[in-house]
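Enquirer: Provide a 3D model corresponding to the input given below.
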Amino acid sequence: MKKTLTTYDIANELLQDTNASWSRAGAFALAEHLEQYEEETGEEMELDVVSIRCDFSEHSSLEDWASDYFSDSKQASKAMGLELDMDGETWTGDEEEVQDAIRSYIQDYGQLIEFEGGIIVSSL
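Expert: The predicted structure follows:
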């Protein structure tokens with residue numbers, strides 16, 4: 001027996017996970033992403049909020065993610081100062097260039113979901 005969930009149902013299940021810290025906008029963006037994945041692959045998914053919590057994380061911005069992911073204080077300060085060192089590669093430039101570099105890095109190694117108010121990144 002299966003129950004088909006709407007985007008609203010999925011987002012509410014994500015928000016009810018007390019061990020996760022999804023924003024409302026983030027939960028809806030992730031729910032839409034999961035639905036799109038199902039449509040693209042033709043595979044039905046079982047909603048497992050624990051697995052989703054372990055596989056994805058929400059951040060307020062690309063720079064915030066870089067600061068968390070590259071937790072070395074030197075790398076974090078460079079990221080906030082528009083110079084970013086990721087795995088030995090350094091990018092410098094204006095804010096847009098650094099954001100593009102972070103975006104590319106995430107997309108090379110995982111999934112990036114951008115939405116109004118933040119981003120969600122799969123575990124890299």
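Enquirer: And the residue nearest to R24 when sequence neighbours are not counted, how far from L124?
Expert: What sits nearest to R24 in space, not counting adjacent residues and going by CB to CB, 6 or more residues apart in numbering, is L15, at 6.7 Å. Glycine gets a C-beta too; all of them are placed from N, C-alpha and C. The gap separating L15 from L124 is 24 Å, by CB to CB, to the nearest Å.
Enquirer: Same check on D94?
Expert: D94 is 25 Å from L124, by CB to CB.
Enquirer: So if I had to pick from these two, which one is more boxed in?
Expert: L124 (12 against 9; other CB atoms under 10 Å).
Enquirer: so where is the protein shaky, pLDDT-wise?
Expert: Of all residues in the chain, those with pLDDT under 70 make up the ranges 71-93.
Enquirer: repeat that with 80
Expert: Within the chain, the ranges that satisfy pLDDT under 80 run 1-2, 70-95, 124.
Enquirer: I'd like the C-alpha coordinates of stretch 5-18 written as CSV, please.
Expert: Taking Å, rounded to 0.1, in the frame of the first residue of the first chain, the C-alpha atoms of stretch 5-18 are listed here in CSV:
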residue,chain,number,x,y,z
LEU,A,5,2.4,12.8,-1.1
THR,A,6,2.1,16.3,-2.4
THR,A,7,4.9,18.9,-2.2
TYR,A,8,3.1,20.4,0.8
ASP,A,9,3.0,16.9,2.5
ILE,A,10,6.7,16.3,1.9
ALA,A,11,7.7,19.8,3.1
ASN,A,12,5.6,19.3,6.3
GLU,A,13,7.2,15.9,7.0
LEU,A,14,10.7,17.5,6.6
LEU,A,15,9.7,20.4,8.9
GLN,A,16,8.4,17.9,11.6
ASP,A,17,11.9,16.3,11.8
THR,A,18,13.0,17.8,15.1
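Enquirer: starting at the chain centroid, how far to it?
Expert: The chain centroid and the centroid of stretch 5-18 are separated by 17 Å under CA atoms, centre = their mean, to the nearest Å.
Enquirer: in it, what counts as buried?
Expert: Applying a neighbour-count criterion of 16 or more other CB atoms under 10 Å, one finds 5, 10-11, 13-15 buried in stretch 5-18.
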